[in-house]
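> structural data only, the sequence is not supplied:
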C-alpha cells in the first residue's frame, strides 16, 4: 500500500485517527461537570462529519465488484 503524503489510503488513516480522538474528547466532555453543551454539540457534529468522510473514502477505495 502506497502511503505517500497525498494518497487516499493515508487520508483514510488520518481521518480514522481524528475520529478516534474526537470519540475520546466527547467522552471526556460528556462527563465534565458542568457539561459544556455547546462544545459537546460541536464535537459530536465534527465526529459525524468525519464518519461520513470516512465512509465516502472507503467506498471510493473499494474495487468495483465484477458483474
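Thanks, I have it. Computed from a prediction, not measured in an experiment: that's the story for all the values here.

> which residues of this structure fall in helices?
8-31, 37-61 (DSSP state H).

> reformat those as TSV; add mean pLDDT and mean neighbour count.
Where you see a C-beta, it was placed from the backbone N, CA and C, and this is true even at glycine. As requested, the helices of the chain are exported to TSV (pLDDT from 0 to 100; neighbours: other CB atoms under 10 Å):
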stretch	mean pLDDT	mean neighbour count
helix 8-31	94	14
helix 37-61	95	13
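
> which pLDDT value belongs to residue 2?
Note for residue 2: predicted pLDDT of 49.

> over to residue 5?
76.

> excluding sequence neighbours, find me the nearest residue to residue 39.
residue 29 (5.8 Å; CB to CB, 6 or more residues apart in numbering).

> swap in residue 18?
In this structure, residue 18 finds its nearest non-sequential neighbour in residue 50, 5.9 Å apart by CB to CB, 6+ apart.
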